[in-house]
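Novice: model this:
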Amino acid sequence: MELKVFVVDAFTDKKFQGNSAAVVPVADWPSSELMQNIAAENNLSETAFIKALAPNRYQIRWFSPLTEIDFCGHATLAASYVLFQFLGCEGQIEFVTTQVGELQVNQQADGRIEMSFPNQQPQIIEDIPTALLEGLSIKPVKVLRNRQAYFAVLPSEQDVRDVEYHSEQLKLLAPYDAVVTAQSEGEFDFISRYFWPANGGDEDPVTGSIHSGLAPYWAEQLEKSELIAYQASKRGGVLYCQVLDDRVLVSGFGVLYSRGTIYI
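Specialist: Okay, the predicted model is just below:
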């Protein structure tokens, strides 16, 4: 068996920044075991497998090196980039998923890829897990949660950049991950960092899916529906967000790093 594979840096217009994802188009679904082995071998935060169902309509599945993931934004952007640039797609793409419904994707005139995600606004919680407090070096001013993660709001942008995390403690939050965030004091509206030791790795470079929760939270705090976000990992990435009633539009650029063949 031979499979095409593309590696795309997502949420950046520069190579070696943003978040890298592998994209593997398939005619028929390989076994889950094989897809997991491929994702582990790729050793990127995510590998997206896409299968055509009809013109411009695809089923998508995401795998980290450790497990299949319910929802991944940057690998969806990477898959869309491959479809637009190399596989002849024009107009709107629809992705069918098992956990978050259908995702619509369009390419804007400036090249940005815009993805429509479900609005996953987090809710404030009072019973804050000890593992979260002990897993972060800076105490949050408030904590929220949605279906994906705990949201630790920190006092300042510099705190988000400086916070240290303890993976063994954050693993205890499973199946939830953890995101730290604060209002930005510069060119962005808000910044964040994302930790997911229970599901994929210690720190994710740029996480599109979590902005379906971050953007609604900050839209409410800042009283604006269009926001620009920065994920302050070592690689870094910029995300453009628009909050609608029940959807969140998240967009960004992509850059091809490599393309090749997987031999099974």
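
Novice: use CA for all of it now, contacts and neighbours both
Specialist: Will do.

Novice: okay, helices next: where are they in the stretch 151-264 of the chain?
Specialist: Listed in chain order, the helices found in the stretch 151-264 of the chain under DSSP state H, counting those that start in this stretch are 157-162, 167-170, 211-222.

Novice: Val100: neighbour count?
Specialist: Burial of Val100 is recorded as 11 neighbouring residues (other CA atoms under 10 Å).

Novice: ugh, wrong one, I meant Glu185
Specialist: For Glu185, the neighbour count with other CA under 10 Å is 12.

Novice: residue contacts, Gly91?
Specialist: Applying CA atoms under 8 Å, 6 or more residues apart in numbering, we find Gly91 in contact with 56, 106-107.

Novice: between the residues you listed, which is nearest Tyr150?
Specialist: Nearest to Tyr150 among those, counting by CA to CA, is Asn106 at 29.5 Å.

Novice: what about the closest one, how many neighbours?
Specialist: Neighbours of Asn106 under the rule other CA under 10 Å: 20.

Novice: before we move on, what about the one 4 residues further on?
Specialist: By the other CA under 10 Å criterion, the neighbourhood of Asp110 contains 7 residues.

Novice: secondary structure class for it?
Specialist: Secondary structure assignment for Asp110 (DSSP: H, G, I helix; E, B strand; the rest coil): coil.

Novice: now it: how far from Phe253?
Specialist: 9 Å (CA to CA, to the nearest Å).

Novice: ditto for Tyr165
Specialist: Counting by CA to CA, the gap from Tyr165 to Phe253 is 29 Å.

Novice: mind checking which of those two has more residues around it?
Specialist: Taking other CA under 10 Å, Tyr165 and Phe253 do not tie; Phe253 has more neighbours (25 against 19).

Novice: quick one: the more buried one and Asp13 touch, right?
Specialist: Yes: look at Phe253 against Asp13 with CA atoms under 8 Å: they come within range, at 5.5 Å.

Novice: hey, what's Phe195 bridged with?
Specialist: Beta-bridge pairing for Phe195 (DSSP bridges): Ala178, Glu203.

Novice: okay, now it: neighbour count?
Specialist: Phe195 has 24 nearby residues by other CA under 10 Å.

Novice: for it, what are its contacts?
Specialist: Contact partners of Phe195, counting by CA under 8 Å, 6+ apart, are 170, 177-179, 201-204.

Novice: same check on Lys51?
Specialist: Here Lys51 is in contact with 25-29, 58-60 (CA under 8 Å, 6+ apart).

Novice: could you turn the buried ones of those into a PyMOL selection?
Specialist: To isolate the buried members of the contacts of Lys51 in PyMOL, using 16 or more other CA atoms under 10 Å:
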select buried, resi 25+58+59+60
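
Novice: next, find the distance separating the closest residue to Val143 other than its chain neighbours from Asp9.
Specialist: Using CA to CA, 6 or more residues apart in numbering and skipping the chain neighbours, the partner closest in space to Val143 is Ala152 (4.7 Å). Counting by CA to CA, the gap from Ala152 to Asp9 is 27 Å.

Novice: try Cys89
Specialist: 19 Å.

Novice: please apply the same query to Gln36.
Specialist: Distance from Gln36 to Asp9, by CA to CA: 21 Å.

Novice: the two - which one has more neighbours?
Specialist: Legend: neighbour count by other CA under 10 Å for Gln36 and Asp9, higher for Asp9 (28 against 20).

Novice: confirm the more buried one sits in a strand?
Specialist: Yes: assessed by three-state DSSP, Asp9 belongs to a strand.

Novice: for beta bridges, what are the partners of it?
Specialist: Ser20, Val255.

Novice: can you give me the end-to-end distance of stretch 50-61?
Specialist: For stretch 50-61, the first and last residues are 7 Å from each other (CA to CA).

Novice: what pLDDT, on average, does it get?
Specialist: Mean pLDDT, computed over stretch 50-61, is 98.
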